[in-house]
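Student: Structural data only, the sequence is not supplied:
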């Protein structure tokens, strides 16, 4: 009797797990990036940092400008970032990023 009840419960649990599994769905593939914001707006974004490899950063700026051509990105290199950023943030000349 115990074996029959255990077997019945095991089959019931297996069927309930199989019923809840659902269908396997493939992840949606995107064809590429599409801008989320209005690309016709113009603006300027000031970026400050201690990044030395400006060529790589400039390449990323160029990629950004492919999607947002009317946005000007201006990079300001700060040598002593930790001390200088506190001074800049206390004034009215804080960078956007």
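Tutor: Thanks, I have it. Just so it is clear, the structure is predicted and the values come from calculations on it, not from any experiment. Residues are numbered from 1 along each chain as shown.
Student: Mind giving me the packing neighbours of the top helix by length along the chain?
Tutor: When the chain is parsed with DSSP state H, its longest helix is helix 2-20. Identification of packing neighbours for helix 2-20 by 3 or more CB pairs under 8 Å, 6 or more residues apart in numbering; DSSP states H and E yields no helix or strand. (Glycine included, C-beta is placed from N, CA and C.)
Student: Let me know the secondary structure of residue 45.
Tutor: Classification of residue 45 by DSSP: H, G, I helix; E, B strand; the rest coil places it in strand.
Student: and the closest residue to it other than its chain neighbours, what does it touch?
Tutor: The shortest distance from residue 45 to any non-neighbouring residue, by CB to CB, 6 or more residues apart in numbering, is to residue 96 (4.9 Å). When contacts are counted by CB atoms under 8 Å, 6 or more residues apart in numbering, residue 96 touches 45, 46, 47.
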